[in-house]
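> My questions concern the predicted model and sequence given below.
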Protein chains: 2
Amino acid sequence: MAEVKPRRATAPKATVKDIARTAGVSIATVSRVLNNPDLVAADKRRAVQRALSRHDYIPNRTARAMVSQRSRAIGLIVPTLANPLFVPSIAAIEQELDRAGYALMINCHERDPAREVAQARMFIERGMDGLLITGSDHLPELPALLARHRMPYVTQDIALDTPMGPSIALDSVGALNAAIDHLHALGHRRIAVFSGPIHDTPTVNDRFVSAIARIQHHGLPCPEAWRVVTEDYSNHATRAAARRLLNGGERPTAVALTGDILGLGLTTECRAHGFDVPHDLSIIGCGDTNMGEYVDPPLTTVRMPFVDMGRTAARHLLALISGERPPKLTVLPYELIIRQSAMAPAKLKRPRLKQA
Amino acid sequence: MAEVKPRRATAPKATVKDIARTAGVSIATVSRVLNNPDLVAADKRRAVQRALSRHDYIPNRTARAMVSQRSRAIGLIVPTLANPLFVPSIAAIEQELDRAGYALMINCHERDPAREVAQARMFIERGMDGLLITGSDHLPELPALLARHRMPYVTQDIALDTPMGPSIALDSVGALNAAIDHLHALGHRRIAVFSGPIHDTPTVNDRFVSAIARIQHHGLPCPEAWRVVTEDYSNHATRAAARRLLNGGERPTAVALTGDILGLGLTTECRAHGFDVPHDLSIIGCGDTNMGEYVDPPLTTVRMPFVDMGRTAARHLLALISGERPPKLTVLPYELIIRQSAMAPAKLKRPRLKQA
DNA sequence: GAAATGCCTGAAAACGTTTTCAGCAAACCG
DNA sequence: CGGTTTGCTGAAAACGTTTTCAGGCATTTC
């Protein structure tokens, strides 16, 4: 029956008010000690600091954000984490933001553009200071929403078309073209394209289509049988597709991949058919990961600088937030990594014996 | 000289107050329409809704968080994104949280325990409703800090020792032991351990040490030459280590890896020495990724359920936040995946010719 | 010795919500 | 018809900060 103060059991959570009371000053002074210590006289400052550590005070950034109207947090929208393609980019972003004192919120939309818009809206609700948007196909609603609410954002694309805002791009199509040019320069005249599923990922489709165009641009044939698309990225599907390529009539002397991962199944299937890579078939990747280094033979590929992309995107966004005007479009260079899976094509009647 | 209202150029950002004004009601009513529409009369409700869409109103969750004292966001602390080991777990967490209407903040500490504590503190400042902490070695300061500020948290470990709070664990040591048991059951009596660097990752060290113990537990020898540690995870270092193993005096008939990735370099080096995997040497991994599926021969390994781990951790944390008491320790089962890199050891005098 | 200057401090407003409380009108009950 | 309930509404407080403003006191300046 005695009057008990409610919620004494739960966290008392020291606030500036508590600090002010035990230090015998006003909350304004506490705030000043926190943010601008030399504005306050030495004795009071010490008293406040003692109170702060006695209470083991932790400031409330939510309240801070209310008054400053800045959260010092940014939101990252990424198509998916299911394939680890974007992970190095995310790591770089996290590192860059952490260094600048910004926190990072992440959302995946699993390639559902409507969900992407919803997540952007959520980031607006949460008062993010800026957004990093990954991927290249968005609803027109998205830039409209962001503009209406004056939300700074930078996109990171793997394609060059129509960036919405300031954009960091990898020239994914150019990269695969460069791979084909490399094969051509090595002397290959029968080049096939081996691609992962082209329906769900626009980037992959772009690579596939433009690779074919590039082959023809060199005046070479690229018959249907040399345009292979796997069912999915599993080893099983990859090997099945590889079988179709290797068993079909005339064999190519080189294969360009839309993604490095495909090289594993293709190489395995080659071996199973008794073909040696690269002697009987050259393989060149297009670099999503650094996996190519580990396989046998090490994969010649075109590396895409995902880490740079993330870092640059983060920096440009921070610049944008602080009022600067970063470049509208930044294209990062790909890099041909020559390893051992591609070589000049064997002479037609080359003896198969290694010596003599 | 004319008095101009300041900051008219910048975002007017509609608030409940604006909505209330144009709808001719009080802000309380607007709030009610937003959160509890049937509390307000139909005509006013319609007026408010019209005003809401006219202003294209987006609520401010920061303000909401201030009064409700809940952010509906959780923080994830992860050692590093540099290796993609934890990514599937993160993906599962993101998905689970998104479904529950929670946002996700991520921070990496790059295995610096002091930074980990700082990041936990930052999450407290930001009013996270709960924390998900990955990895197994923490400063004692960390649980103390979390307890003092009554921050709910769940840890996901890859080791079983001394969880701080409710914990989801993968029995990483048990998994590699199971791998060794499997080799033993196949008939192998000369088993080597092949490990990545054991200094920076406690988990790897634990696996390494306990694998040796397990081999000896079976009454088998495990001489120094059969305990190989690579310099790092690069292909170069892996192959160098593999050379040491293959060139050293008596060769093992089987090798257990502390991580799947090592299988690639080891297999390549075996081939270079003219040894066939698995005929001349069985290899068994310990599953960090699903990469084993892609390599040649497909890697027999022990799979660790990272996706389950993330999902379970997220669910337990949400339960904890809503006042339930999730189990103190949840150990998720590993799974032996039998592929083709391990088989019974060849008879000593087995003819090397395939037929006859 | 008065005025001006500078330093330090506290009261109060503000940020955008939700929620409590009390008030008012209409409806219901006897 | 009086009293009670019910349904709806708005004023105001609260959440934890930062910041503006004005005032107090000590020191300097003439």
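Yep, it's here. Residues are numbered from 1 along each chain as shown, chains lettered A, B, ... in the order given.

> Can you list the low-confidence ranges for the stretch 201-350 of chain A?
The stretch 201-350 of chain A contains residues with pLDDT under 70 at A:288, A:347-350.

> Around chain B, pick out the residues from it.
Residues of the stretch 201-350 of chain A found near chain B (C-beta under 8 Å from any C-beta of the partner chain) are A:234-235, A:238, A:261, A:264-265, A:267-268, A:271, A:291, A:293-296, A:298. Just so you know, the C-beta spots here come from the backbone N, C-alpha and C atoms, and that holds for glycine as well.

> ok, now how distant is the spatially most central residue of chain A from B:Lys328?
Centroid-nearest residue in chain A: A:Phe86, 3.0 Å away (criterion: C-alpha atoms, centre = their mean). Using C-beta to C-beta, to the nearest Å, A:Phe86 is found at 35 Å from B:Lys328.

> what's the spacing between the helix or strand where A:His316 lies and its chain's center?
Taking DSSP states H and E as the definition, A:His316 sits inside helix A:306-321. Put simply, helix A:306-321 sits 11 Å off its chain's centre (C-alpha atoms, centre = their mean, to the nearest Å).

> Would you mind pulling the contact partners of that helix?
If you take C-beta atoms under 8 Å, 6 or more residues apart in numbering or on different chains as the criterion, helix A:306-321 is touched by A:74, A:85-86, A:88-93, A:95-97, A:100, A:102, A:129-132, A:152-156, A:166, A:168, A:170, A:325-327, A:330, A:332.

> helix, strand or coil for A:His188?
With DSSP: H, G, I helix; E, B strand; the rest coil as the basis, A:His188 sits in coil.

> Dig out what the nearest residue to it once chain neighbours are set aside forms beta bridges with.
Spatial nearest neighbour of A:His188, excluding adjacent residues (C-beta to C-beta, 6 or more residues apart in numbering or on different chains): A:Ala254 at 4.1 Å. For A:Ala254, the beta-bridge partners under DSSP bridges are A:Ile191, A:Ser282.

> what residues are up against A:Ala254?
Neighbour list for A:Ala254: A:Leu183, A:Leu186, A:His188, A:Arg190, A:Ile191, A:Ala192, A:Leu281, A:Ser282, A:Ile283, A:Ile284, A:Ala342, A:Pro345 [criterion: C-beta under 8 Å, 6+ apart].

> now, the most widely separated pair of those?
Pairwise distances across those peak at 14.6 Å for A:Leu186 and A:Ala192 (criterion: C-beta to C-beta).

> Tell me which stretches of chain A form strands.
Using DSSP state E, the strands found in chain A span residues A:73-78, A:103-108, A:130-134, A:153-157, A:167-170, A:191-195, A:227-229, A:254-257, A:282-284, A:301-303, A:329-332, A:335-337.

> dump the residue contacts of the residue of the stretch 101-250 of chain A found nearest DNA strand D.
DNA strand D sits closest to A:Gly127 of the stretch 101-250 of chain A, with a gap of 12.7 Å, by C-beta to the nearest atom of the strand. A:Gly127 makes contact with A:Ala65, A:Gln69, A:Arg70, A:Ser71, A:Ala73, B:Asn60, B:Arg61, B:Thr62, according to C-beta under 8 Å, 6+ apart.

> switch to 6 Å and redo it
Shown in contact with A:Gly127 (C-beta atoms under 6 Å, 6 or more residues apart in numbering or on different chains): A:Ser71, B:Thr62.

> how's chain A carved up into domains?
A:13-53, A:70-171+A:306-334, A:173-303 (automatic domain parsing).

> list the contacts for the residue nearest to A:Thr258 when sequence neighbours are not counted?
Using C-beta to C-beta, 6+ apart and skipping residues adjacent in sequence, the residue nearest A:Thr258 is A:Ser195, 4.1 Å away. A:Ser195 makes contact with A:Phe208, A:Val229, A:Thr258, according to C-beta under 6 Å, 6+ apart.
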